[in-house]
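>>> Sequence plus the predicted model coming up.
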Amino acid sequence: MERHALIAGVSGIIGRHLAEHLAATNGWKVTGISRHKHDLPKGVRHIAVDLTDEEAVVVALKKVKPTDVFITTWMRQATEAENCRVNAGMVRNLLTALEGKKIKHAALVTGGKHYMGPFEAYAKSKPQTPFREEMPRLPYQNFYYDQEDELFAAAEKQGFSWSVHRPHTLIGYTVGNQMNMAATLGAYAAICKETGKPFVFPGSPQQFESCIDITDGRIIAKQLLWAATKPVARNQAFNIANGEVFRWNWLWPKLAAYFGLPHAEYPGHAQPLEEQMKGMEPVWDRIVAEHGLQKNPLSTVASWWHSDADLGRTIETFNDMTKSRDMGFTAYQNSVRSFTDAFDKFRAEKVLP
């Protein structure tokens, strides 16, 4: 039986890598939805729709009959209350529009804020590491919790199985994504090389010295497919990371070497990228012209605020992977190559010099 995947957020890091993975897997047909059409993998059908518009979603998906739904998107709002209203609403609108279409499985991607709290209360709880799936919800509003509740309610009503996937910092190829640390650090390195600024780790001492992990877009794609096709994984929540931990004080010199930059000594305190990179748009435009890059604005390539949030944490953050490993998911990804492969792809596509 052919499976038909509907990927919400197909233009993001996770959605794009999942689309590539499923399109290359026998027996899968792939349809992706997002507000705007981007450069998508070959063979992926695209539908442009805004998931916040309930009626538009019903119309757009009227003739689509997926067997599997993968929800990999969210929209940042000014407050967590608005995050809850908007992002839970998108999950509800999508799954409601698919009622009666006999979905087999629906997967929801959330993330580390499940354990660390929303932006408004980020890391205030200081949870124990490694993060484990059985940890209780925190006593804060959190749009991840509201999204989960919408998924659980729809699954019970419509009779499909579900899975929840909680990645850490995402690394992979896509352009215009607000969570893309690889593109952000690549743009930072290019500006440092152009201006002679030191390529210094911009985050907190705690992040520089503590254990950390990341999630490659390719490994979460593998876990999403595994959970959709293995009965043992039904109705479960899973952490997903590369399968190793590292420290930034070990990795940062390796990133500097990749870009041919001298390793700058860490000053012992955070120097947020959002502050360092103020007014660098003309420098970026010059880099684009000199190297014949895609004419993307700096704000499209780099997401200073999100990388600052990840690198500026004052607590240790990494995930336990025992649960999915015990159930048979044993994929592993080298974290240095997560970055260098992404950098190579951005360079090949003329996004970075």
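Here it is on my side, so go on.

>>> Residue 186 belongs to a strand?
No - assessed with DSSP: H, G, I helix; E, B strand; the rest coil, residue 186 is helix; it does not lie in a strand.

>>> Following the chain onward from the longest helix along the chain, which element is next?
Secondary structure of the chain per DSSP state H: the longest helix is helix 80-97. Downstream of helix 80-97, the first helix or strand assigned by DSSP states H and E is strand 105-109.

>>> Please report the number of neighbouring residues for the residue nearest to residue 61 when sequence neighbours are not counted.
Using Cβ to Cβ, 6 or more residues apart in numbering and skipping the chain neighbours, the partner closest in space to residue 61 is residue 97 (4.9 Å). Every C-beta, even on glycine, is put in place using the N, C-alpha and C of the backbone. Per other Cβ atoms under 10 Å, the neighbour tally for residue 97 reads 21.

>>> Equivalent analysis for residue 261, please.
Counted with other Cβ under 10 Å, the neighbours of residue 261 add up to 17.

>>> same deal with residue 146?
Using other Cβ under 10 Å, residue 146 is surrounded by 20 other residues.

>>> Run through the neighbouring helices and strands of the helix or strand harbouring it.
Following DSSP H and E, one finds residue 146 within helix 143-158. Helix 143-158 sits against helix 80-97, strand 105-109, helix 113-116, strand 161-167, with contacts defined as 3 or more Cβ pairs under 8 Å, 6 or more residues apart in numbering; DSSP states H and E.

>>> pLDDT averaged over that helix - what is it?
When pLDDT is averaged along helix 143-158, the result is 98.

>>> That helix: how far from the chain's middle?
For helix 143-158, the separation from the chain centroid amounts to 20 Å (computed by Cα atoms, centre = their mean, to the nearest Å).

>>> and the angle from that helix to strand 161-167?
Relative orientation of helix 143-158 versus strand 161-167 (axes from the mean of the first three to the mean of the last three Cα atoms, to 10 degrees): 170 degrees.

>>> List the residue ranges of the stretch 1-150 of the chain that fall below the pLDDT cut-off.
Across the stretch 1-150 of the chain, the ranges flagged by pLDDT under 70 are 123.

>>> and the gap between residue 175 and residue 139?
Separation of residue 175 from residue 139 (Cβ to Cβ, to the nearest Å): 38 Å.

>>> Kindly apply the preceding question to residue 346 instead.
Computed as Cβ to Cβ, the residue 346 to residue 139 distance reads 40 Å.

>>> Mind checking which of these two has more residues around it?
residue 346 (23 against 9).

>>> What count of nearby residues applies to residue 138?
18.

>>> and it, which of the three is it?
Following three-state DSSP, the label given to residue 138 is coil.

>>> hang on, it packs against residue 122?
No - using Cβ atoms under 8 Å, residue 138 is not in contact with residue 122, being 10.7 Å away.

>>> All the helices of the stretch 201-350 of the chain, residue numbers only.
205-209, 217-229, 248-258, 273-276, 281-291, 298-301, 304-311, 322-326, 335-348 (DSSP state H, counting those that start in this stretch).

>>> Who does residue 239 form a beta bridge with?
residue 166 (DSSP bridges).

>>> separation between it and residue 166?
Per Cβ to Cβ, residue 239 is found 5 Å from residue 166.

>>> ok, now residue 49?
Applying Cβ to Cβ, the value for residue 49 to residue 166 is 26 Å.

>>> So for those two, which residue has more residues nearby?
residue 166 (23 against 20).

>>> Contacts made by stretch 26-37 with the rest, please.
Stretch 26-37 is contacted by residues 1-12, 15, 19, 22-23, 40-41, 43-51, 60-61, 64, 66, 73 when judged by Cβ atoms under 8 Å, 6 or more residues apart in numbering.

>>> Give me the distance between the two termini of it.
Stretch 26-37 has an end-to-end distance of 25 Å (criterion: Cα to Cα, to the nearest Å).

>>> Going by neighbour count, which residues of that stretch are buried?
Across stretch 26-37, burial judged by 16 or more other Cβ atoms under 10 Å covers 28, 29, 30, 31, 32, 33, 34.

>>> Run through the residues that contact residue 137.
Residue 137 neighbours (Cβ under 8 Å, 6+ apart): 114, 145.

>>> can we see that at 7 Å?
Taking Cβ atoms under 7 Å, 6 or more residues apart in numbering, we find residue 137 in contact with residue 145.

>>> Mind checking what secondary structure residue 126 has?
Three-state call for residue 126 (three-state DSSP): coil.

>>> List phi and psi for it.
phi 50, psi 60 (degrees, to the nearest 10).

>>> next one: the one 10 residues further on
Here is the backbone geometry of residue 136 (degrees, to the nearest 10): phi -70, psi 160.

>>> I'd like the distance between it and residue 95.
To residue 95, residue 136 is 25 Å away according to Cβ to Cβ.

>>> Neighbour count for those two, which is higher?
More crowded of residue 136 and residue 95, by other Cβ under 10 Å: residue 95, with 24 against 6.

>>> Residue 49 versus the residue nearest to residue 276 when sequence neighbours are not counted, what's the distance?
For residue 276, ignoring the flanking residues on the chain, the nearest one in space by Cβ to Cβ, 6+ apart is residue 202 at 6.5 Å. Distance, residue 202 to residue 49, using Cβ to Cβ: 37 Å.

>>> same deal with residue 300?
For residue 300, the distance to residue 49 equals 22 Å [Cβ to Cβ].

>>> and if you look at residue 199?
Going from residue 199 to residue 49 by Cβ to Cβ gives 41 Å.
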